[in-house]
Each structure stands twice: as C-alpha cells, then as structure tokens.
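S.K.: need a structure here:
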Amino acid sequence: MRRINTVGMRKGRLVGVEESGKYLLAECDCGECKWVLRSNFIAGYTQSCGCLRNERIIEACQTHGHKTGKGASPTYICWRAMWNRCSNKSYWAYNRYGGRGISVDPRWKDFSAFLEDMGERPPNKELDRIDNNAGYSKNNCRWVGHADNCRNRGYDTETKKLG
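M.R.: A predicted model of the protein is given here:
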C-alpha cells in the first residue's frame, strides 16, 4: 500500500509540517503546532489544534451573547417575547399578535440587529408598537412605560376588538 505524503496537505485549519511514523506535526491557522495521528488527519477527523472545538462549544453555549449576571438581559427577554407573540402558535398571546397578522421585521431575526435599531431596554420600559395594526419594526417601535403601553391599544377594524 502506498503511503500518503501529508506534509503540505491541508485539512480544515491544519497544514502538515513534519511526519514521524504514525504521527504528523501540523500547524494550525491560529499559529499553534500539534502532533496528531496521521490517519485521523487524512480522514479529516482532526481539523484544528483544538481551537475549532473550543469555538464551537462557546458558540453552542452562547445563544445570543447578551447576558447580565446569570441570565439573559432584559433586552434579550423582550426580543424573545416579541418573537414568541408573533410566530409561536402555542404561545398564550399568539392570537392577539401573529394570529391577526402582526409580524416582525425579518432583519430582527438577528438579535444584534434588533439591539442596533432599538438600543438597550431602559429600566422600567416596555417595547411598544406605535401603530398597533402594524408589525414590529424600527419605524413602528419605541420604549415606553407600562402605563403608556396600556393606553396604546389600537382598535382592530377586522376583528372589531382592541389590539
């Protein structure tokens, strides 16, 4: 069986540098060098020095990157509730929002875009739609106090009910 030369070969983030028996010294794109099994390198099982695994673990554990203390930030909680109201049919308030056609700006699927447009949720404020018959978007949303939010209940001409 012909031996595959792995020096100079690239797999994932690794490039083979030096062979020694069944091992290969590989240099990672991050600059780290590591001895790996040649067979794992050739098969593509080993693709980095370990930095790729660490990045994937961090990414999997950090769903939105916006935390305060031990839990999600008030801004993130508000964003999540907005999406539930408009897209989760089993959410208790879906009928009053998504069920009557209230949608969310597709750009706001990404929490960072919502944060960029609306900024951090100020203390004691709630997300409010200026026009209750229009969807959630930068031009139709604002942060208001609870009392103001309760007063802003538009009349839905289709259902003949308060929005």
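S.K.: Ala113: neighbour count?
M.R.: Neighbours of Ala113 under the rule other C-beta atoms under 10 Å: 15. The way it works is simple: take the backbone N, C-alpha and C, and place the C-beta from them, glycine included.
S.K.: revised request: answer the last question for Val36.
M.R.: Residues lying near Val36 (other C-beta under 10 Å) number 20.
S.K.: do Thr75 as well
M.R.: A count of neighbours around Thr75, defined by other C-beta under 10 Å, yields 21.
S.K.: tell me what the lengthiest helix in the chain is packed against?
M.R.: For the chain, the longest helix by residue count, based on DSSP state H, is helix 74-87. Under the contact definition 3 or more C-beta pairs under 8 Å, 6 or more residues apart in numbering; DSSP states H and E, helix 74-87 sits against helix 111-118, strand 126-129.
S.K.: please compute how far the longest one lies from its chain's middle.
M.R.: Centroid displacement of helix 111-118 relative to its chain, using C-alpha atoms, centre = their mean, to the nearest Å, is 12 Å.
S.K.: quick one, that helix and helix 74-87 angle?
M.R.: Orientation check (axes from the mean of the first three to the mean of the last three C-alpha atoms, to 10 degrees): helix 111-118 against helix 74-87 gives 100 degrees.
S.K.: list the buried residues in helix 111-118.
M.R.: Within helix 111-118, the residues that qualify as buried are Phe111, Phe114, Leu115, Met118, counting by 16 or more other C-beta atoms under 10 Å.
S.K.: between those, which sits nearest Leu14?
M.R.: Comparing those against Leu14 with C-beta to C-beta places Phe111 closest, at 32.9 Å.
S.K.: show me where this structure has helices.
M.R.: Using DSSP H, helices in the chain cover 38-43, 51-61, 74-87, 111-118, 146-151.
S.K.: point out where the protein drops to low pLDDT.
M.R.: 58-70, 153-163 (pLDDT under 70).
S.K.: mind doing that once more with 90?
M.R.: Residues of the chain that meet the criterion pLDDT under 90 lie in 1-4, 30-31, 51-74, 76-77, 90-93, 146-163.
S.K.: surely Asn149 touches Glu126?
M.R.: Yes - between Asn149 and Glu126 there is a contact at 4.7 Å, judged by C-beta atoms under 8 Å.
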